[in-house]
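Student: Structure, please.
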Amino acid sequence: MILSVDGIEFSYNGRPVLRDIKFSVNRGEILSILGNNGAGKTTLLRCINRILKPKRGTVFIDGDDLFSLSSREIARRVGYAAQRNEGGRITVFDAVLLGRKPHIGWEASEKDMKIVREILASLNLEDFSLRYLDELSGGELQRVIIARALAQEPGVLLLDEPTSSLDLKNRYEVMKIVKDAAKEREIAVVLVMHDLNLALRFADRFLFLKDGTIYDCGGLEVMTPKNISAVYGISVTVEKLGDIPVVVPL
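Tutor: As a prediction, the model looks like this:
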């Protein structure tokens, strides 16, 4: 495994939000964090990335205690794409180059430029290199945000609702990019999702959060009508469409 979360607890103004969160993720694996609004999903991602400081517990990356590392070292090891990202008057190339910041000394090297060009090509963003972010569609912007995180060359990639506000086509395109990156680059991906069927299609493992604690965690065996109903408060059935499991509300 590359990522190990051990006993994370976090509170807002004395109100417990996360309690005794423990899980691990291997290289090349996608773990989807699931749960209803307010379950603590985004807070958990921010604790893993040390944006928030947990009350207890720690996070290990390749055996190193994340909370003992410098911010620069964390940025080299962990890529993070927040839920809300806005465009601006910066080109796509420069936006992705910003992902190299943890590795750059006085100025970007030819190696940094090459890495950015390769990532843009792998995400089919070459033709957008000189476009400004505020000229992009939602799907295009989301690809750029992921490209910037990948430019950090992280071992762990954290994504907070990477498909929110995207249409059906772009949701699947973005998730395929994430899946391919996890396998080809041997990155451990932890992502927050609301779309259970998209999670079933692309994730390897699933972690249900309920009331700030882990309700269940595992592979396809945990994606049961009983678990989903208990976590989301709605009756469902899980059917097979070909080889693909699909959650259907009743």
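
Student: Verify the contact between residue 238 and residue 248 for me.
Tutor: Yes - the pair residue 238 and residue 248 qualifies as a contact (Cβ atoms under 8 Å) at a distance of 7.5 Å. C-beta here means a position set from N, CA and C on the backbone, and glycine is covered the same way.

Student: Tell me which of the two has more neighbours.
Tutor: More crowded of residue 238 and residue 248, by other Cβ atoms under 10 Å: residue 238, with 18 against 11.

Student: Confirm that that one sits in a helix.
Tutor: No - with DSSP: H, G, I helix; E, B strand; the rest coil as the criterion, residue 238 is located in strand rather than a helix.

Student: Provide a list of residues in contact with it.
Tutor: 223-225, 228, 245-248 (Cβ atoms under 8 Å, 6 or more residues apart in numbering).

Student: Looking at the residues you listed, which is nearest residue 154?
Tutor: Lowest distance from residue 154 to the contacts of residue 238 (Cβ to Cβ) belongs to residue 223, with 27.2 Å.

Student: Let me know whether the closest one touches residue 203 as I believe.
Tutor: No - using Cβ under 8 Å, residue 223 makes no contact with residue 203, being 9.5 Å away.

Student: Where does the residue most central in space within the chain fall, secondary structure wise?
Tutor: Centroid-nearest residue in the chain, with Cα atoms, centre = their mean: residue 159, separated by 2.1 Å. For residue 159, the host element (DSSP states H and E) is strand 156-160.

Student: Please enumerate the helices of this structure.
Tutor: Counting by DSSP state H, the chain has helices at residues 41-48, 71-77, 92-97, 110-122, 138-151, 168-185, 196-202, 225-232.

Student: The longest one versus helix 110-122: what angle between them?
Tutor: What it means is helix 168-185. Between helix 168-185 and helix 110-122, the angle comes out at 130 degrees (axes from the mean of the first three to the mean of the last three Cα atoms, to 10 degrees).

Student: again, but for the fifth one
Tutor: Between the axes of helix 138-151 and helix 110-122, defined by the same axes, to 10 degrees, the angle is 140 degrees.

Student: what comes into contact with the strand holding residue 159?
Tutor: Contacts of strand 156-160 (Cβ under 8 Å, 6+ apart): 2-3, 25, 41-42, 45, 48-49, 61, 77-83, 146, 149-150, 178, 181-182, 187-192.

Student: before we move on, what about stretch 119-129?
Tutor: In contact with stretch 119-129 (Cβ under 8 Å, 6+ apart) are residues 91-93, 96, 117, 136, 140, 143-144, 146-147, 150-151, 177.
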